[in-house]
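[1] any chance you could fold what I've pasted below:
(one chain, ligands or ions: 1)
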Amino acid sequence: MQDTKPAKFLIAKHIPYEGDLKSTSTEALWTEHRRLSQRFKQILKTVQTGSLTLKDLPEPDTNLLDVKTELLNRMLGRCEFCEWRCRVDRVRGDKNGACRVGAETRVSTWFHHYGEEPPLTTGQGSGTIFFAGCTFRCVFCQNWDISQNPSNGVIVDGLKLALIMKSLREEGVANINLVGGDPTPNLHTILDATRHLANTNVPLLWNSNLYLTPEAMNILTDVIDIWLPDFKWGNDRCALRLSKIPRYWEVITRNHLLAQRDGDMIIRHLIMPGHIECCSKPILQWIAANCPRALVNIMGQYRPDYQVPANPNYKDINRCPTDEEISQTYHYADQLGIIYRPVS
Ligand code: SF4
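    Residues are numbered from 1 along each chain as shown. This next block holds a predicted model:
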């Protein structure tokens with residue numbers, strides 16, 4: 001964020017790919033991706049310790065970011081970016097996947113966000129880009145006009161998105177904060193944008209529900225510097241009822257482990273009314289046991305929104321969490337030794 005070391009995507013640009021992208025089979029390209037990704041991780045360590053700088057590295061015509069973008073463009077024809085694995089052909093404009101996002105990426109808005117976690121808003125704030133569409137259907141979503149309306153906003157390609165990122169950094173933002181809805185359906189455009197960002201050094205922040213497939217996580221881990229996952233539910237029953245998401249616990253815990261292996265992480269958890277025993281406590285317990293180094297933001301600002309106020313099926317969450325519920329959650333986090341900062 002302070003511009004003393006290069007962002008990961010800038011290092012990935014210096015990892016050469018020698019083959020012909022278009023004629024290589026997808027299976028062979030994944031094998032190459034694994035090999036180049038290992039090479040990237042070795043180089044990353046030497047750059048982080050200061051023994052190498054970008055000037056010491058080759059400037060290949062084709063690089064690891066090109067391989068990643070090619071793989072994503074192929075995956076888009078049978079989309080498996082997230083664990084819905086809809087396998088719809090988004091290249092041909094099919095919008096029948098769970099996210100209802102087609103080939104095009106739409107950005108609803110972008111601005112300097114000063115309300116994110118303090119470590120992320122130094123300088124001129126966090127350069128936040130809101131993508132339209134989401135892989136979840138949370139019945140209480142406060143951004144439902146963006147998340148549940150994939151036609152919201154303006155269409156951007158990789159180049160336009162890169163220009164947005166570049167101008168935000170030139171205006172002094174500490175990072176590029178990719179959010180929505182959820183950024184996952186727009187992975188192909190985001191990776192393409194990193195190919196166009198030439199002289200802009202800025203950390204990329206993945207602000208997401210983290211419901212990605214392992215394939216998509218493998219693509220992302222070499223380009224995301226900071227993870228900001230939203231850990232919502234402590235069991236599959238609550239996730240299915242209130243976010244309409246299957247296999248939540250298995251997918252989200254797996255991806256938290258993958259993310260923490262390859263970057264800094266702040267885990268967010270929104271306290272839901274009546275969900276302390278079934279959700280907040282199991283989540284905090286899991287974090288303490290599995291991600292002890294992660295910072296956690298336990299948030300108490302839930303307010304009923306979207307479908308909740310009018311639908312009697314959700315009357316149990318048609319209220320704010322009580323002071324008692326919030327302090328009980330903080331107290332539990334204290335007992336577990338979790339590093340958190342209350343935001344209200
Ligand atoms: S991003 Fe996820 S929800 Fe959207 S089409 Fe692809 S697999 Fe389906």
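[2] the ligand contacts on the stretch 1-150 of the chain?
    Within the stretch 1-150 of the chain, the positions adjacent to the ligand are 79-82, 84-86, 88, 97-99, 101, 135 by CB under 6 Å from any ligand atom. All C-beta atoms are positioned from the backbone trio N, CA, C, and that covers glycine.
[3] now render those as TSV, adding neighbour count, pLDDT and secondary structure.
    Shown next, in TSV, are those (neighbours: other CB atoms under 10 Å; pLDDT from 0 to 100; DSSP: H, G, I helix; E, B strand; the rest coil):
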residue	neighbour count	pLDDT	secondary structure
Cys79	28	98	coil
Glu80	18	98	coil
Phe81	28	98	coil
Cys82	26	98	strand
Trp84	21	98	coil
Arg85	14	98	coil
Cys86	18	98	coil
Val88	22	98	coil
Gly97	23	97	coil
Ala98	21	97	coil
Cys99	28	97	coil
Val101	26	97	coil
Thr135	27	97	coil
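[4] from those, which two are the most distant?
    Distance extremes for these: the farthest pair is Arg85 and Val101 at 14.8 Å, using CB to CB.
[5] point me to the residue of the stretch 51-200 of the chain nearest the ligand.
    Gly97 (2.3 Å; CB to the nearest ligand atom).
[6] what residues sit buried inside stretch 243-250?
    Ser243, Ile245, Tyr248, Trp249 (16 or more other CB atoms under 10 Å).
[7] hmm, who's touching it?
    Residues outside stretch 243-250 that contact it (CB atoms under 8 Å, 6 or more residues apart in numbering): 83, 135-139, 211, 232-236, 239-240.
[8] can you confirm whether that stretch lies near the ligand?
    No. Stretch 243-250 is not in contact with the ligand by CB under 6 Å from any ligand atom; minimum separation 10.5 Å.
[9] bridge partners for Pro229, pull those for me.
    Taking DSSP bridges as the rule, Pro229 bridges to Ser208.
[10] quick one: it from Leu295, how far?
    12 Å (CB to CB, to the nearest Å).
[11] which one's more surrounded, the two?
    Per other CB atoms under 10 Å, whichever of Pro229 and Leu295 has more neighbours is Pro229, with 23 against 17.
[12] how confident was the prediction at the more buried one?
    Note on Pro229: pLDDT of 98.
[13] swap in Leu220?
    The model reports Leu220 with a pLDDT of 97.
[14] give me the number of residues near the closest residue to it other than its chain neighbours?
    Spatially, and ignoring its direct neighbours in sequence, Leu220 is nearest to Trp206 (6.6 Å; CB to CB, 6 or more residues apart in numbering). By the criterion of other CB under 10 Å, Trp206 has 28 neighbours.
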